[in-house]
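Asks: Have a look at this prediction, sequence included:
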Amino acid sequence: MARGHAVVKPQRDDATLRRWGSTVLLWPRMGGRRASWGLDVSDDKKDVRRGGVDRGTEVNRDQAGGRGLRPRGRAVTLRRTLIVGTGSIAGAHAAAVAANGARAVVVAGVDVDPARAESFAARHGIEGWSDDLPTALRQTWLDGGRVDLAHICTPPGSHVPLAIQCLEAGVPVLLEKPPALSLAQADELIAVSERTGVDVAVVFQHRFGSGARRAQALLADSGRLDEGIGRPLLATCHTLWYRDADYFAVPWRGRWDTEGGGPTMGHGIHQFDLLLALLGPWTEVTAMAGRQARDIDTEDVSMAVVRFASGALATIVNSVVSPRQTSTLRIDTERATLELEHLYGYTDADWTFTAAPGHEDLAALWTTDDAEPRSSHASQMAALLDAMDTGEHLPVPLSEARGTLELVAAIYASAFTGQVVRRGDIGPGHPFYTRMDGTGAPWAVTPKSEENIT
C-alpha cells in the first residue's frame, strides 16, 4: 500500500489524484519526502493573517450544506481544517467541525500511520488523508485558498513540535490539552506565535457552555455593593474519574516524559480551568499528591488548596481511582451558591442555583434553556469560527491558558517540596519550569510494587 494518499474536493476528477512513495515518520518529526496532492502546492505565505482571517471560501448560510452552529442572517466563510493525529480525541474534533458544517470542513486527517489516517477519513466522511504534515499544510485549492486551521490531536509529547510546524507555515492551531509538557515548552510556543503573528488556541471547552457564560456574568457583577450574588468566598472543584490498568497500558500514558503528569495534568485540568475562568487569577497554592493504586510514574491523586486574587479560597481534587465518577464545581458567594455536576460535558440542566436565606429574589437571575450551547468541542469551535469571521484572536489563546498550566506546575511543586508556591515563582531556572515532576516525585525512588499503600 502506498504510504500516503489524498482525495481532494470534487473540483477535480479522479485522474488528478496521485499517490506517493514510502516515507518513515515518527512523532514529533512528522514529515519527510514532499508528497503530491495532485494540486498546485505553493510555498508562499500570502494572505496569512492572525487567526486565519481572509482565507477560505465565502458561502451563503442558506446554501451551505449540512446543519451546524453559525451566525444567522449573514454570509459566512467556509474554513478548511486539518486534523493532525487521528486517535480517539480526533473523533471529537471531527464531530465539532461537522456540527458547524456550514462554516467549516475537515479536508484531511493526517497521521504518522497511513492506514489509521485512511480509516479515520473514511469513518468521518473526510475527503483526504495523509501521512505528511508539511505537504498538507502547503496544499492549495483551485480558488487559491489554503488550510485555515490545524487541530493538534496527537499524544501530548508531540503537541509543541507539531504546533510550531503549523505556525511556521502560517496556519493557526487549535491545540488539545495539555497544550505542552512544561511551562518552558509553553513559553517556546507562545514566542513562536508572537514572532509569526499566527494564533495558537487551547481546547478548554467547558468555558463555552451557556451555564459557564451565565455564571461568569453573575460573578463579574459581584463587586457591586448590595446587588447581585456578591463576591465569591470559597469553592470546590473535583474531578473524580476512574481509569484502570488497561487504560495506562498505552505506552505514553502515566509518564512524566510523554504525558507530562497524571490526573492533575491530563484529566482535572478541564474542570479547574473553568474554575479559573470564573474566579480569576490564582495567587498561591498548597498541595499534596500520591500514587495510591496505579502502577504508573505519575500521581493518580492530587489535592490542592488555592487562594485567588479576589481573596476566595478553593479546594481542587483530581483522581483517576474513583469508581463513582463525577466532575463537580461549587462556588459559594455572599448571597448564593452556584453548583455544577456532570462527567465529561454539561448542559444547563447540570447547574443548580441556590439563593441565600433572605435573598430568594436572586433566583430570578438564573434562567436556563436546554437549547443553549452545552460545553463541548462544537461550542468552542463555533466561538473560534466567530473569531475568524470577525478578525479577532482565537478564543483561549495559549498565553491565557498558560495560567492554568502554571497552576498545574505549582500543584506539583508544592506537593513534591512541601512548600507554598506563589504565582510567578516558577520561571527559567526553577526545577519545575522544564519538567512537571521537577525535583522528582517522592515515590520515584521506590518501585510501585514495593510500596505499602495505606
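Replies: Yep, that arrived. Note that the coordinates shown come from a computational prediction; the quantities given were computed from them, not determined experimentally. Numbering: from 1, shown residues only.
Asks: quick one: contacts for A355?
Replies: Shown in contact with A355 (C-beta atoms under 8 Å, 6 or more residues apart in numbering): 335-336, 361-363. Any C-beta I mention is one placed from the backbone N, CA and C, and that applies to glycine too.
Asks: same check, this time on A186
Replies: Contacts of A186 by C-beta under 8 Å, 6+ apart are 160, 179-180, 398, 402, 405.
Asks: Let's see that with 7 Å instead.
Replies: 179-180, 398, 402, 405 (C-beta atoms under 7 Å, 6 or more residues apart in numbering).
Asks: Can you report how many residues neighbour the residue nearest to W256 when sequence neighbours are not counted?
Replies: Spatial nearest neighbour of W256, excluding adjacent residues (C-beta to C-beta, 6 or more residues apart in numbering): D437 at 4.5 Å. Applying other C-beta atoms under 10 Å, we find 21 residues neighbouring D437.
Asks: who touches stretch 116-126?
Replies: Under C-beta under 7 Å, 6+ apart, the answer for stretch 116-126 is 5, 86, 90, 94, 106, 108-111, 128-131.
Asks: before we move on, what about stretch 340-349?
Replies: So stretch 340-349 is contacted by 209-211, 325-329, 350-351, 368-370, 372, 374-376 (C-beta under 7 Å, 6+ apart).
Asks: try it again with 8 Å
Replies: Applying C-beta under 8 Å, 6+ apart, the contact partners of stretch 340-349 are 205-206, 209-211, 325-330, 350-352, 368-370, 372, 374-376.
Asks: in the sheet, who's paired with T81?
Replies: V106, L149 (DSSP bridges).
Asks: how much space is there between it and V200?
Replies: 14 Å (C-beta to C-beta, to the nearest Å).
Asks: swap in P428?
Replies: Taken as C-beta to C-beta, the span from P428 to V200 is 21 Å.
Asks: Who has more neighbours out of the two?
Replies: V200 (30 against 9).
Asks: what's near enough to touch the residue nearest to the more buried one when sequence neighbours are not counted?
Replies: Counting by C-beta to C-beta, 6+ apart, the nearest residue to V200 once its immediate chain neighbours are dropped is V173, at 4.4 Å. Residues in contact with V173 (C-beta under 8 Å, 6+ apart) are 149-152, 163, 166-167, 198-201.
Asks: could you redo the last one with a cut-off of 6 Å?
Replies: Shown in contact with V173 (C-beta atoms under 6 Å, 6 or more residues apart in numbering): 150, 152, 163, 166, 200.
Asks: Report the beta-bridge partners for it.
Replies: A150, V200.
Asks: same thing with S319?
Replies: Beta bridges link S319 to L240, V301 when assigned by DSSP bridges.
Asks: Next, the contact list for it, please.
Replies: 240, 263, 301.
Asks: Just the local confidence number for the first one, please.
Replies: As summarised for this prediction, L240 has a pLDDT of 98.
Asks: I'd assumed V110 was in contact with A136.
Replies: Yes. Between A136 and V110 there is a contact at 5.1 Å, judged by C-beta atoms under 6 Å.
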